[in-house]
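A.B. asks: Generate a structure from the sequence data that follows.
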Amino acid sequence: MKTFLVNFGVNVAFLGILLLSAGRLSFGPAWVYFAIGMLSNVLMRLVLRERPDLARERSSPSSGAEAWDKRLLRLAFLLTISMLVVAGLDSGRFGWTPRVSWIWSAVGAFVILAGTSVFLLAMAENRFFTAVVRVQRDKGHAVCDSGPYRIIRHPGYTGMIVGTIGVPLLFMSAWSAIPALLSVVLLVVRTRLEDSLLERELEGYSDYQRQTRYRLVPGIW
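C.D. replies: Predicted structure coming up:
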């Protein structure tokens with residue numbers, strides 16, 4: 001429940017940022033974004049109900065998080081805020097991006113939902129799916145090689161990247177694509193660093209790397 005309430009507060013804060021940036025309550029894409037966030041929160045709650053140990057870990061991560069990951073998470077948060085502010089100012093207030101068909105917005109919503117689905121599927125499959133990068137030696141950390149992890153090594157990050165790409169489409173804001181793409185780059189960097197950490201410190205991960213070759217995109221990387 002703690003994770004649910006924290007995510008609820010974050011969703012409300014993001015909605016407020018979007019509406020303030022747009023300067024009006026009738027900014028439709030902001031409410032769609034909020035609805036998707038709430039749906040994701042409810043589904044995450046259902047997943048975590050089946051994994052109470054994972055719920056405790058995600059709500060209060062134990063010690064051992066990598067220092068570089070803490071810095072990346074702070075930067076990722078700032079980029080997310082920037083993306084939402086720019087989207088609100090562009091799409092809701094000033095119209096810097098020329099208007100296009102609403103179909104692009106619908107595609108964006110679908111892409112965000114697809115990314116969320118992949119993220120939640122990865123969470124449901126991996127009982128060590130923590131919010132921070134750390135090797136959970138205190139909990140018998142083991143390699144997860146089932147479900148989507150049979151195809152790529154970091155499906156959770158893939159879901160996050162797909163969802164991030166959908167945001168500029170939802171808001172039909174070309175300018176918000178700049179912080180969105182920077183966020184994608186940050187996730188790629190985080191993936192590479194986490195992969196290297198697990199290779200060094202998690203037993204059996206090197207064998208898993210040989211078995212599952214690609215990190216984020218099958219056939220590419």
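A.B. asks: Could you use CA atoms for every contact and neighbour count after this?
C.D. replies: Fine.
A.B. asks: what's downstream of the strand or helix carrying L78, the next helix or strand?
C.D. replies: If you go by DSSP states H and E, L78 is part of helix 67-87. Next helix or strand after helix 67-87 toward the C-terminus (DSSP H and E): helix 102-125.
A.B. asks: Mind checking the pLDDT average for that following helix?
C.D. replies: Averaged across helix 102-125, the pLDDT comes to 95.
A.B. asks: now do stretch 164-183
C.D. replies: On average, the pLDDT along stretch 164-183 is 97.
A.B. asks: buried sites along the helix holding L78?
C.D. replies: 69, 72-73, 76, 79-87 (16 or more other C-alpha atoms under 10 Å).
A.B. asks: Output that helix as CSV, nothing but the C-alphas.
C.D. replies: This file holds the C-alpha atoms of helix 67-87, laid out as CSV (Å, rounded to 0.1, in the frame of the first residue of the first chain):
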residue,chain,number,x,y,z
ALA,A,67,26.1,5.4,-5.9
TRP,A,68,26.1,5.9,-9.6
ASP,A,69,22.5,4.7,-9.8
LYS,A,70,21.4,7.3,-7.2
ARG,A,71,22.9,10.0,-9.4
LEU,A,72,21.2,8.6,-12.5
LEU,A,73,17.8,8.4,-10.7
ARG,A,74,18.0,12.1,-9.7
LEU,A,75,18.9,13.1,-13.2
ALA,A,76,16.1,10.9,-14.6
PHE,A,77,13.6,12.6,-12.3
LEU,A,78,14.7,16.1,-13.4
LEU,A,79,14.4,15.0,-17.1
THR,A,80,10.9,13.7,-16.4
ILE,A,81,9.8,17.0,-14.9
SER,A,82,11.4,18.9,-17.8
MET,A,83,9.6,16.7,-20.3
LEU,A,84,6.2,17.3,-18.6
VAL,A,85,6.7,21.1,-18.3
VAL,A,86,7.8,21.5,-21.9
ALA,A,87,4.8,19.3,-23.0
